[in-house]
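[1] Build me a model:
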Amino acid sequence: MALFDSHCHFDFDVFAGDFDAHLTQARQAGVKRMLIPAIGKSNWSRLESLSRRYNEIDWALGCHPYFLSECSIEQVDHIVTHFHTTHTKPIAIGECGLDKMVEVDFALQRQVLQSHLTAANELQLPVVLHSRKAHNDLLHILKQQPAQFGGILHGFSGSFQQAMQFVEKGLLIGVGGIITYPRANKTRNAISELPLECIALETDAPDMPINHFQGQPNHPKRLPVILSTLSELKQIEKQTIAQKIWQNTTSLF
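    Prediction:
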């Protein structure tokens, strides 16, 4: 089965010591493609370099709300210019979004997100969206300023009704390790109801730990664990799910 990890931070230091070995482990687990979203200008060149070196790695260009202190609004406004200077082009804009759990001015977060959406629409690229405790605010912005070329709501946690509101905005729902926890009833129920056409898989490695692997850095090689859980929740064979989600994700990007 070919798997696409639609969101992993494989450039982080925890993987740097023996990067080729980590990539081999992901390949052996069936991960044929992965998207590494930027967190800020500090890792833009690193992501482009990895994407140029490894065929299975793609990257997204943007500024995570958590790291806005490292990425001024002026830098965000120059995303389009930076895109045109890159040799290996990003395939999406992000990671960008809203986060009410970080100590970053929310008005600034909104302004930066709107700049990302403007860039994505101008460059005709999908967006990789982050939302924590901010679904309603994000939906309001997307109503005013749609992501014209689609995108993914990464690391979804919420109800079926919330998920479908984002699907109606043209987004895939990024499903990660949270569904491996039996107590995550609301999200597990939501994902079990969600049509396969609306789903992408992700690890968010090295974050978003998977059940039974707490305390260890998450890894793209564990994407099959999420797939297996999704298969159990939906009562559909893994091969069928893998094929459909591969189609979803490669069509988007």
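[2] So the closest residue to Cys8 other than its chain neighbours versus Ala190, what's the distance?
    Leaving aside its chain neighbours, Cys8 sits nearest to Ala205 (4.3 Å; criterion: Cβ to Cβ, 6 or more residues apart in numbering). Where C-beta positions appear, they are placed from N, C-alpha and C, glycine not excepted. Plainly put, Ala205 is 23 Å away from Ala190 if you go by Cβ to Cβ, to the nearest Å.
[3] Doesn't Val14 lie inside a helix?
    Yes. Under DSSP: H, G, I helix; E, B strand; the rest coil, Val14 sits within a helix.
[4] who's more crowded, Ala205 and Ala190?
    Ala205 (29 against 23; other Cβ atoms under 10 Å).
[5] In the stretch 1-150 of the chain, where is pLDDT below threshold?
    70-72 (pLDDT under 70).
[6] Kindly recompute the last result at 80.
    Residue ranges of the stretch 1-150 of the chain with pLDDT under 80: 69-77.
[7] any chance you could map the strands in it?
    For the stretch 1-150 of the chain, the strands defined by DSSP state E, counting those that start in this stretch occupy 3-5, 31-37, 57-61, 92-99, 127-132.
[8] so can I have JSON lines of those showing distance to His219 and mean neighbour count?
    Output for these, formatted as JSON lines (distance: least, Cβ to Cβ, whole Å; neighbours: other Cβ atoms under 10 Å):
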{"stretch": "strand 3-5", "distance to His219": "10", "mean neighbour count": "26"}
{"stretch": "strand 31-37", "distance to His219": "10", "mean neighbour count": "24"}
{"stretch": "strand 57-61", "distance to His219": "15", "mean neighbour count": "25"}
{"stretch": "strand 92-99", "distance to His219": "19", "mean neighbour count": "27"}
{"stretch": "strand 127-132", "distance to His219": "19", "mean neighbour count": "26"}
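[9] Looking at those strands, which is nearest to Ser45?
    Closest to Ser45 of the strands of the stretch 1-150 of the chain is strand 57-61 (Cβ to Cβ; 10.4 Å).
[10] Tell me the strands beside the closest one, with direction?
    According to DSSP bridges, strand 57-61 has the following sheet partners: strand 31-37 (parallel), strand 92-99 (parallel).
[11] Distance to Tyr54 added to those, as CSV?
    Formatted as CSV, those follow (distance: least, Cβ to Cβ, whole Å):
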stretch, distance to Tyr54
strand 31-37, 9
strand 92-99, 17
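[12] Tell me which of the ones you listed sits nearest to Gly215.
    Comparing the strands paired with strand 57-61 against Gly215 with Cβ to Cβ, the closest turns out to be strand 31-37 (22.3 Å).
[13] returning to that earlier point: if I look at the residue nearest to Cys8, how far off is Lys169?
    26 Å.
[14] Show me the contact partners of the longest helix seen in the chain.
    Criterion DSSP state H: the longest helix present in the chain is helix 106-123. Contact partners of helix 106-123, identified using Cβ atoms under 8 Å, 6 or more residues apart in numbering, comprise 62-63, 65, 68, 71, 73, 76-77, 79-80, 83, 92-94, 96-100, 125-127, 137-138, 141-142, 145, 147-149, 151.
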